[in-house]
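1. mind folding the following:
(one chain, ligands or ions: 1)
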Amino acid sequence: MHAAVLHQLGATPAYESFEEPVAGEGQAVVEVAVAGVNPVDVRKASGAYISGPPPLPSVVGTEGVGRIAGDGRRVYFDAPVAPFGAFAEQVLVAAGAPIELPDAIDDGVAAALGIAGLAGWLPLAWRARLRAGETVLVLGATGVVGQFAVQAAKLLGAGQVVAAGRDAEMLERARRLGADAVVDLGAVESGEALTQAFREAAGGDVDVVHDPLWGAPAAAAVEALGVGGRLVQLGQSAGADATFPSASIRGRQLELLGYLNFLVPPDVRRAAYRTLVEHAVAGRIAVEVERLPLAAVADVWERVQRSAHRKLVLVP
Ligand SMILES: NC(=O)c1ccc[n+]([C@@H]2O[C@H](COP(=O)([O-])OP(=O)(O)OC[C@H]3O[C@@H](n4cnc5c(N)ncnc54)[C@H](OP(=O)(O)O)[C@@H]3O)[C@@H](O)[C@H]2O)c1
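-> Below you'll find the predicted structure:
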């Protein structure tokens, strides 16, 4: 079969032939219709991801949509069984893991609702326990996860939603998706001025920060949180380190909450995924999807590292 194969840690995967998977006991083969592309795929291929380096050679890609070989059920899947991955014509998964999809949802949208959609939704709904009327600051609101987070905040009843990012076009899109105010991280990059910009856009204290950036934006966001505020940390697109004073955390009893899709209990993740599908089918959640042929994997690999600003999916 055709697949995107990693031969060396940190290298760009090659489009070539790979052995077809055969389902063992408790496993299933999925015929892949689309594979979702995510920053985590690049991180896994670098060997630096929390799960450790992948075997070599192996097929890259963590999620996708397809049909179970044999019974034809249309499903969303993640967590492929190595050395197989989603960027291929077929993938191997644990038999009970895929989630069945309704006909009404498009393949590309269903893939986008997985890793990116869950990372937009669960940090607010489940980790921060967002309450109706609270003020939410979404950092990286110009990225795919951030665009989901803006919509999630609105659907979960946030009072004021502030979208922060550098890309002007995507900040406008965040407004159309429901953000009440925007902060341009390109114009004000760090420090007290950025905290002030967050507070002005929020109309006062922020209750919850959705943070895929870390670095200087997160440090400034901490200072915009009010008493009992929560920051949910899910990525480091702006930097691996952030510095803030002890007094800020202690003095306002702030909560810093880590978030990783793959550490969320499976039942919570599955229920959230189904909720996202319902919202998308009903037109309450939107995502821009760009479909590309699997043969273009080298280009796509490069684009996802500099933010494509839309969900890229590969079609084998
Ligand atoms: N913890 C989890 O379970 C989980 C799940 C999914 C994703 N993530 C992480 O979340 C992050 C976003 O994922 P994504 O799919 O939304 O990626 P994406 O679409 O590429 O978005 C990346 C975002 O990061 C911003 N950004 C990049 N470099 C920046 C910098 N130096 N300073 C400020 N902003 C910067 C971009 O802003 P501009 O475009 O405006 O420049 C954009 O908003 C990634 O780090 C990813 O690994 C974590």
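2. show me the contacts for the residue of the stretch 51-200 of the chain found nearest the ligand.
-> Relative to the ligand, the nearest point of the stretch 51-200 of the chain is G143 (2.2 Å; C-beta to the nearest ligand atom). To be clear about C-beta, it is placed using only N, CA and C from the backbone, and glycine gets the same treatment. Neighbour list for G143: G165, M170, P212, S237, S307, H309 [criterion: C-beta atoms under 8 Å, 6 or more residues apart in numbering].
3. try 10 Å this time
-> 39, 116, 119-120, 149, 165, 167, 170, 212-213, 235, 237, 307-310 (C-beta atoms under 10 Å, 6 or more residues apart in numbering).
4. report pLDDT for it.
-> On pLDDT, G143 comes in at 97.
5. again, but for the one 5 residues further on
-> If you check F148, the pLDDT there is 98.
6. how about the secondary structure of the closest residue to it other than its chain neighbours?
-> In this structure, F148 finds its nearest non-sequential neighbour in G120, 2.5 Å apart by C-beta to C-beta, 6 or more residues apart in numbering. Using DSSP: H, G, I helix; E, B strand; the rest coil, the structure places G120 in helix.
7. how much space separates G120 from G235?
-> G120 is 12 Å from G235, where distance means C-beta to C-beta, to the nearest Å.
8. the two: which is more packed in?
-> Using other C-beta atoms under 10 Å, the more surrounded residue of G120 and G235 is G120, with 31 against 20.
9. pretty sure the more buried one sits against L276.
-> Yes - using C-beta atoms under 10 Å, G120 is in contact with L276, at 8.5 Å.
10. for stretch 34-53, what is the average pLDDT?
-> 96.
11. when you give positions from now on, start the count at 5
-> All right, first residue 5 from here; so that's stretch 38-57.
12. and the residue of the stretch 155-304 of the chain found nearest the ligand, what is it in contact with?
-> Nearest to the ligand in the stretch 155-304 of the chain, going by C-beta to the nearest ligand atom, is G239, at a distance of 2.8 Å. Contacts here follow C-beta under 10 Å, 6+ apart; on that basis G239 touches 43-44, 47, 123, 143-144, 147, 149-150, 215-218, 263-264.
13. only the buried subset of these, as a PyMOL command please.
-> Selection of buried members from the contacts of G239 for PyMOL, criterion 16 or more other C-beta atoms under 10 Å:
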select buried, resi 43+44+47+123+143+144+147+149+150+215+216+217+218+263
